Every structure is written in C-alpha cells, then in structure tokens.
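Colleague: Predicted structure and sequence below. I'll ask about it afterward.
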Amino acid sequence: MMLSQAKAGHKAIIQEITGNEKLKKFLFSLGCSEGQEIGLISILAGNYIINIKDSRYAIDRKMAEIIRIN
Amino acid sequence: MKIALAGNPNSGKTTLFNAITGKTEYVGNWPGVTVEKKEAFLKTKYQISKSKVRIVDLPGAYSIAPYTGEEAITRDFVTGEKPDVIINIIDANSLERSLFFTTQLLELEIPVVIALNKQDVLKRHGDVIDSVRLGALLNCKVVETVANKGKGVRRLIEDAIEAASMKSIHTSPDLDFSIVSDEDNARQKFTGMIAQECHVSNRDTNDISLSDRLDRIVAHKWLGLPIFFLVMWAVYAFSIEGLGGFLSEYLNETVFGEIVPNAANAFFEGIDVNPLLQSLIVDGAIGGVGAVIGFLPLIMVLFFCLGLLEDSGYMSRVAVVMDRFFKKIGLSGKSIIPMIVGSGCAIPGVMATRTIEDINEKRMTTILTPFVPCGAKIPIIALFSAVFFPNASWVGPSMYLLAIVMIALGGLLLKKIFVWENTSIFLIELPEYKIPSVRHAITQMLKHAKGFIIKASTIILVMNTLVWFMQAYGWNLRPVTIQDASILASFGGIISPLLIPLGFVGWQLAAAILTGFVAKENVVATFAVLLAVASEDALYLPGGVLSGIFNPVTGYAFLAFNLFTPPCFAAIGAMNSELGSKKWLFRAIGFQLGVGYMVAMLISQIGSIIVYGETAIGFGYSIVVLVSIVFLVIRLIRKSDSNVKQVLTEAREGGI
C-alpha cells in the first residue's frame, strides 16, 4: 500500500518510490528509498510525520502517495 | 588557508562558524537558515601559525547533487573553489543520513575532517558513537564537538589546519559494486555498514518522543493555527505595546523629546551659533535620528523574542501547520519561513525563499514576503498608534492580521493573473525541540541593536540632514520663511496629487513616503524633522502635531500604505536577485504598489464614510482609480485565462 493509507505507528520497509527522478534522488539522499525502513509517527494537519534513519520529517499527502510500503 | 564548513542542514555549521570567528551570523533551529556562503577570519585565539585562516560557512546540503538553490551554492564552492580543507559537520544524532554527503565529500580530493557535533544530545539519548572506529573506517580525522558550548572546537581546528598543510588526501571510500551496480546504492550500503559498526543505540527512534507529543499539540489540525496566532500576538504585543513600547515611550518622550534637545538648544544658545546651524543639528540630526533611535528598545525586545522562538524548533512546525492553508493559494508550508524571517527584516526573508524548490512558489513567496511588517516598519506603526490610538492595543496586531489577509488575497490574485500548476511537494525536517538559549537570544538582540544604531547614525542621519536642508532652503539656495516654498515641498508636490484619492493631502506625506524607500525608519524621521518646525511638542504625544495632516482613519490608511507598497531599496535589491529577471521584478513592484495603493484607498474612503459619515477628500478620484484598477485586473485575468486555454488546446491537438 501507499504510505498515505497507513496508520500512525506503522513501521514498514519501502518497496518503491514513484515520481520524478529529481525528487527520487533527493529522497534517496535522505535515506528514503527502496529497501529502507520507514516509520509513520503521526498524521498532523494533513501532513505525515515520518521517521527515516533517526530523523523526523513532515511530508504532505502528495508525497506520501508516492511512497509504496509493505 | 581556506577552511570550508559543510554538512547537512541544521547540523550546526553556523554555530561552529560563529564560535571560531567571533561573528554573530544568523542561527536558528530549523533546516535552511543559512542560504548563502559567509566568510570570516579565524579568531586569533584558535590561530596556530601566523598565516591567516579564512573560514567559509556554506548552506546545508543533504547531497552534493543539489535539490534547491542554496544547496547549489555549496556544491559550486566545494567543487569550484577548492578549499584547503573541508570540515564536515555531522549531527551525531543522524549519523547514517549524514554519511551519505560525507562519502561524497571524501571523493573530492580535498582533505576532510569530521566534526561529530551535538554530542550532548547524543549522550542524553543514551547513544554511543565510536569516533575512533568511524575515523578508521572513513580514513579521516573525527573530532567530537558540542559547537554551541565550544567543546572540542580547538582540537577540531588544529586537526583541520594540520590536514590542510599535510594535504592529506583520502583514499575514496571503497564502495562495493558487487551486489548493486549504481553508485548511489553502493554508497547507501557503505554508509549503512559504517553506521552499524560505529553506532550503538538502545532506543527505537520510531518510539513516540516528547518532541512528538508536543508536535501533536502545536501542529494539531484545529489547535495549530490558534496556537501560532497566539504566539505571534504575544511576541508583538510584548514588543510593541508591552516592555518594548514602555521603554521606547520613555526614550522618545523624555530623553529625545525633552532632555537631549533642551540640553542641545541651551548649549547652542550659550555659545551663540547661527540659528540655522542650531536648527540643522537639533531639528535635523538630533530630532530625526533621535526619533528613530527612540524605538531601539522596541526593536531589541522584538529580536530577543524572535531569537527565543527561532532557537526552540517551533519554526519547522509552523511550516507544517500552514502548509494546508498555503496550498490553497498556490504556495506550501515552506513559504511561511521566509515570512517569519521577514518579520525581522525583509532582506534575509526574501533570501530565505532559496530553500523553495518550485520556481513559481518561490516567486510568489518573494513577492508576498515584504508584506509582513519588518523591524523597520515597526517604528511607524508604534508612532501612529501612539498619536492616533492612545490606549488602544489592537493597532499593532491588526497590522499583522491585515498582512496575513493580504498575503492570502494577494496569493489568490497572483495565482489568477499568473496561472501556474501547483507541482510543489512539501517536505521539511523537524528538529528536536530544545529549551531556547537566552544567550542566543541576547546575541541576536545585540546584533540587531548594533545594526539599528549603525543604520540610524549613517544612512538615516544623511537622509535627515538632506531632508532638513531641502525643507529649509528654496531653489535659490536661500533659507525659506515657509516650508511650502522649499525644495522638498516642490519634490513632494510632484507626487502628492497621486495620493489625493487615498485621502492624503500635503507634500509632507509624499516626502515621507519617498524617503521611506531608502529606509522605512526614514518615514518617522522625516515627519520628526518636518514637524519640529511646526511645533515644540514631541512627535509622539497623543493627538500631537501629526494630527495636523492625518485623522485616525487616514493615519491608519497611511500605515497600511507603508506596509504593502514596495519595501526599501535594499529589500528590492534582494527581490531582484531572487527573482532573477527584470520582468518579474517589475511585476513584483507593480503588484506591491497596486496592493498598497488599493488597500490604503479603501481604508481611507470606506473608513471615513463609516467613522465620520462623510467621504474623505478625493472620493471622486478614488472611484475612478478603483474602476480602472478593477478593469485592469479583470483584463489581466482574462488574458491569462485565454493563454491557458490556448496552451491546453495546443496540447490536445498535439496529443492527437
């Protein structure tokens, strides 16, 4: 499923990042890429608070829709 | 020798830079505070040899391949200008992510020394990183540091200088291509392996932390916005009406209103100088500059509060809260950060738009950021609110509210005129909250106080002397008996007809607006100079001399006019470099002029009808102006609509 469908507290492995190359490359530099672990901490004001490699990020729904997780 | 500081956003580069150079560059607890490179010499305290060492602070980057504008500056510097050594600052709390950039730096054939920063936070988490092992695996020196307390900094500098003089080039990290073929993946495997070897952690970072709990309150769907408004209201009420206002009132009314001018007058009368020279010094220099300096406490309190706020980590959360609302006007949460920075000064505010990746979103933010009242506009707000609305505490905050409303409406209008597709995607790192450092806030406060005094004693002093001269002399270079015959009056007279639809009458206003483009504080200073001749009373007294030119309604309209018309020249310069094209700069200035003019006109005319039951001066003209502006806007929107249709039709035909 997509990250946007997950519930807060869900931990998963990223299966695929869809979206343009530039964005993919940027996410890769954060460690957000295929095979990496991702945790959904909370969903706040339409944004998804995620944990990747010990760092917290807020991403919007559009971005959560391009991250496919197991 | 040149040392570059590079690393991920919010890892503490500028904190280290300030510690080793003694500078007070802008630091904050959110990613993307530094958006340009900063250079300074190493403090003599850290100097080893006689040769001077230059330190270059670079914007944060996650990777050598830039995603946003400020990251490109970092790449260009480290690859193009070849520093002698790079200090790579790593936030020890996000080791694995940071190593991605580190391994790229290690391949540049420039010596690298790693500062493993924020050790205090690491210890608090109960984590351990084996820095010796890390250094061995990466084949470079690693120094543990706490930059904001100066810990480990001396060793770091010594190691960096040594590495530079030995030209110790590293063997590039040995990426393993046996399992994966592309470079990025090999790099990721490598950094993962290193992190696993060196980093001992007993906690699961997916657990809900105190920061997460706080986030759930301050970034809550319904509570987020009210909390943000409350925080901002508290900051401004405290600075403008509270402590800052109180101290400023004393300075303005007593020190610069009575004590200093009286003493100066007594002194000059005692030594019997030419009354014109006395007037130049007392009314021109002391009156004008004093009128501005009087607001120093207000500026200091404001920057102290903003300093605390910036250090806490709250700024990133505001971006999260505002994202939803800004998306509706074609912007994203990222746009709020330039605007908050702009509440101090529009110049760094406009420059902060570099962190926005989407070009349209960046442009719109650049145009809208100067709408936020900056520190220089606060003296104008405080002056008018003291004169026309004594005992009212709503005037200051209402200006901010008006700014927010105009940013929203302005955004919608811009989107209608320059139609663009909202492709922007929002991502922001959320740093852990920390208890804001009072020392940091004081540093910020003193830095801005110093800047304010320097500005007042240079550019504002010069402008004031000029204003004094132009109001005292006629074109024949002889002193005039009435101001209306002065050079300044004839300059102001060219502009003043344009202000009649706004209900503003008098060349004095036009003169104040003109000097305001040089620096906004000049608006206050110019009134002080011009009106010092008319009255002995201090400018600030309720119902004071300003009531000769304004009534409360037109006074409020004048505030709005100064708020939304283009900012000072320096900020226009910053807009020019961020917009990157003259075409967009003209559009931006035209838009700001139009908005400022319209808002002031509406307040003045509608306000007069409501409050006084009669129309203000220039009502007839204002109707003409209103109709033509509405007509112009409709035409612009129609034009862009038809452009969009054309593009769509072409796309459709092309598709078939």
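Modeller: Arrived safely, thanks for sending. Numbers count the residues shown, from 1 in each chain, chains lettered A, B, ... in the order given.
Colleague: ok, whichever residue of the stretch 201-350 of chain B sits closest to chain A - contacts?
Modeller: The minimum distance from the stretch 201-350 of chain B to chain A, using CB to the nearest CB, falls at B:Asn206 (3.7 Å). Backbone N, C-alpha and C define where each C-beta goes, glycine included. By CB atoms under 8 Å, 6 or more residues apart in numbering or on different chains, B:Asn206 lies in contact with A:Lys11, A:Gly39, A:Ile41, A:Asn51.
Colleague: Could you pull out the strands in the chain for me?
Modeller: I went with chain A, as the question did not name one. Counting by DSSP state E, chain A has strands at residues A:11-17, A:37-44, A:47-52, A:55-60, A:67-69.
Colleague: you looked at the wrong chain, it should be chain B
Modeller: With DSSP E as the criterion, chain B has strands spanning B:2-7, B:38-41, B:54-57, B:85-91, B:112-117, B:128-129, B:142-144, B:199-200, B:427-429.
Colleague: Indicate whether the last one makes contact with chain A.
Modeller: To tie it back to what came earlier, the one meant is strand B:427-429. Yes - using CB under 8 Å from any CB of the partner chain, strand B:427-429 reaches chain A at B:Leu427, B:Ile428, B:Glu429.
Colleague: I figured the last one hits B:Pro31, correct?
Modeller: Okay, so that is B:Glu429. Yes - with contact defined as CB atoms under 8 Å, B:Glu429 and B:Pro31 form a contacting pair (4.6 Å).
Colleague: Could you tell me which residues touch both of those two?
Modeller: Shared contacts of B:Glu429 and B:Pro31, counting by CB under 8 Å, 6+ apart, come down to B:Pro9, B:Asn10, B:Ser316.
Colleague: want to throw those into JSON lines with neighbour count?
Modeller: As requested, the shared contacts of B:Glu429 and B:Pro31 are exported to JSON lines (neighbours: other CB atoms under 10 Å in any protein chain shown):
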{"residue": "B:Pro9", "neighbour count": "22"}
{"residue": "B:Asn10", "neighbour count": "26"}
{"residue": "B:Ser316", "neighbour count": "26"}
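Colleague: Spell out which residues of chain A are next to chain B.
Modeller: Contact residues (CB under 8 Å from any CB) of chain A with chain B: A:11, A:22-23, A:25-26, A:28-31, A:33, A:36, A:39, A:41-42, A:44-47, A:49, A:51-60, A:62-63.
Colleague: from those residues, which would you call buried?
Modeller: Neighbour-count burial (16 or more other CB atoms under 10 Å in any protein chain shown) applied to these gives A:23, A:26, A:28-31, A:33, A:36, A:39, A:41-42, A:44-47, A:49, A:51-60, A:62-63.
Colleague: biggest helix in the chain, by residue count?
Modeller: Defaulting to chain A. helix A:21-30 (DSSP state H).
Colleague: nope, chain B please
Modeller: Chain B, longest helix under DSSP H: helix B:619-655.
Colleague: Buried ones in that one, by neighbour count?
Modeller: B:Phe619, B:Tyr621, B:Ser622, B:Val625, B:Ser640.
Colleague: burial of residue 17, as a residue count?
Modeller: Let's take chain A. 18 (other CB atoms under 10 Å in any protein chain shown).
Colleague: try again with chain B
Modeller: B:Phe17: 26 surrounding residues under other CB under 10 Å.
Colleague: which residues does the spatially closest residue to it that is not a sequence neighbour contact?
Modeller: Leaving aside its sequence neighbours, B:Phe17 sits nearest to B:Asp57 (CB to CB, 6 or more residues apart in numbering or on different chains; 3.9 Å). Neighbouring residues of B:Asp57 by CB under 8 Å, 6+ apart: B:Leu5, B:Lys13, B:Thr14, B:Phe17, B:Glu25, B:Thr34, B:Lys37, B:Lys38, B:Glu39.
Colleague: Excluding its own residues, what touches stretch B:238-245? List them.
Modeller: Stretch B:238-245 has contacts (CB under 8 Å, 6+ apart) with B:297-302, B:305, B:378, B:381-382, B:385, B:393, B:396.
Colleague: From one end of it to the other, what's the distance?
Modeller: 8 Å (CA to CA, to the nearest Å).
Colleague: Check which residues of that stretch are buried.
Modeller: B:Phe238, B:Ser239, B:Ile240, B:Glu241, B:Gly242, B:Leu243, B:Gly244, B:Gly245.
Colleague: Which of these fall in helices?
Modeller: B:Leu243, B:Gly244, B:Gly245.
Colleague: re the thing from before, turn the buried residues of stretch B:238-245 into TSV, including pLDDT and distance to B:Val231.
Modeller: Shown next, in TSV, are the buried residues of stretch B:238-245 (pLDDT from 0 to 100; distance: CB to CB, whole Å):
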residue	pLDDT	distance to B:Val231
B:Phe238	86	11
B:Ser239	85	13
B:Ile240	80	15
B:Glu241	79	16
B:Gly242	83	14
B:Leu243	89	17
B:Gly244	87	16
B:Gly245	83	19
